[in-house]
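Colleague: Just need the structure, nothing else, for what follows:
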Amino acid sequence: MRPQITEEEKKLEFSSLFFKPLPEVDAKLLQEMEASPVNPARITSVHQRNDILKPGYLEVENGYAKMEDGSGCVATKVEMPGVTPEMIEWWFIWHGQQDLRYKVWCPTHHYAAHVLEKDLPRRLDKSLSLKERNWNTTDVVTEDVGAGPQKMHLSFFSPEDYGYDRELIPNAKVIVSANVKDPETGMGLVTFSHCIREIPGGIEYRSHYWQGYNIDENGKAVAVAIPEGGFPMEVMKSCAHHSLLEYTNLGIILPGLYEKYKDM
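Modeller: Residues are numbered from 1 along each chain as shown. Predicted coordinates:
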């Protein structure tokens, strides 16, 4: 079921982005993904996440695997020409403040988003840097990553609180990390981390999703929701293809949105 937009949303200038055809994902990335599932020893587990911040590339940048404990691991890497690190920092402040901003990011899968009311003052606090305004705040989103629309809480961390090595953090221009929980039960579902590096002419957006894990208040990875028999491969595959699609589209729409609305 595709999300809809309201008559009021149609009046917003950027509503045309909701109706434009979604881009094709780079065939090379899809081909790399077809090699999955991969041996779990080859993909970066949540316990090895500091490896993401080391120079060079991981053995698996695009792929997914069921880990030894039954949890899921998904990795994607999308290049975004013409996008800067600051645009990404701004995006994670801006898009969560209005449903349509979230919908245009991925019109076939994104339904709604808002910032928890108690956290909105921090998001709007211009005395903080863009990256700091996101830390310790929570978005409430409704998104379909393959099993139908699901409401989720996305609670964001500073890199240090996420357990990243202080010595390695500067190797990424931007790090966006969060726990995902069920807002009704409070049960943890997944934790994800996006590590952005500059490349000639733009950025590379490297994402990891660790299904069945959250990061605790001490920066440690803890298993929270691994189903009996482990995560189905289809869950991981859906997550992987959704990530490739939404970040391919974001790379296209973000420069124009940033130019027009960066001061809002």
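Colleague: ok, and what's touching the longest strand seen in the chain?
Modeller: The longest strand of the chain (DSSP state E) is strand 188-199. Strand 188-199 is contacted from outside by 46, 49, 52-53, 72, 79, 84-85, 88, 152, 162, 171-182, 203-215, 221-222, 224-225, using CB atoms under 8 Å, 6 or more residues apart in numbering. C-beta: built from backbone N, CA, C; applies to glycine.
Colleague: now it: mean pLDDT?
Modeller: In this model, strand 188-199 has a mean pLDDT of 98.
Colleague: same deal with stretch 166-173?
Modeller: Mean predicted confidence for stretch 166-173 is 98.
Colleague: just use 277 as the starting number from now, easier for me
Modeller: All right, first residue 277 from here; so that's stretch 442-449.
Colleague: quick one: secondary structure of the closest residue to L404 other than its chain neighbours?
Modeller: Among residues not flanking L404 along the chain, R398 sits closest, at 7.2 Å (CB to CB, 6 or more residues apart in numbering). Look at R398: counting by DSSP: H, G, I helix; E, B strand; the rest coil, its state is helix.
Colleague: In contact with R398, which residues?
Modeller: Applying CB under 8 Å, 6+ apart, the residues contacting R398 are 404, 409, 412-413.
Colleague: Quick check: the gap between it and D375.
Modeller: 20 Å (CB to CB, to the nearest Å).
Colleague: distance of A351 from I281?
Modeller: In this view, A351 and I281 are 32 Å apart by CB to CB.
Colleague: re the thing from before, next step: the contacts of R398 restricted to helices.
Modeller: Here DSSP state H is the test, and the contacts of R398 give R409 as lying in helices.
Colleague: Just to check, L530 is in contact with M363?
Modeller: Yes - if you go by CB atoms under 8 Å, L530 and M363 touch, sitting 5.3 Å apart.
Colleague: Now H386: phi and psi?
Modeller: Dihedral angles of H386 (phi, psi; degrees, to the nearest 10) stand at phi -110, psi 130.
Colleague: quick one: contacts for it?
Modeller: Per CB under 8 Å, 6+ apart, neighbours of H386: 279, 378-379, 417-420, 522.
Colleague: Now do the same for V350: helix, strand or coil?
Modeller: Classification of V350 by three-state DSSP places it in strand.
Colleague: oh, I was asking about R377
Modeller: The local conformation at R377, judged by three-state DSSP, is helix.
Colleague: measure the closest residue to it other than its chain neighbours to E300 for me?
Modeller: Using CB to CB, 6+ apart and skipping the chain neighbours, the partner closest in space to R377 is H371 (4.3 Å). Distance of H371 to E300, given as CB to CB: 23 Å.
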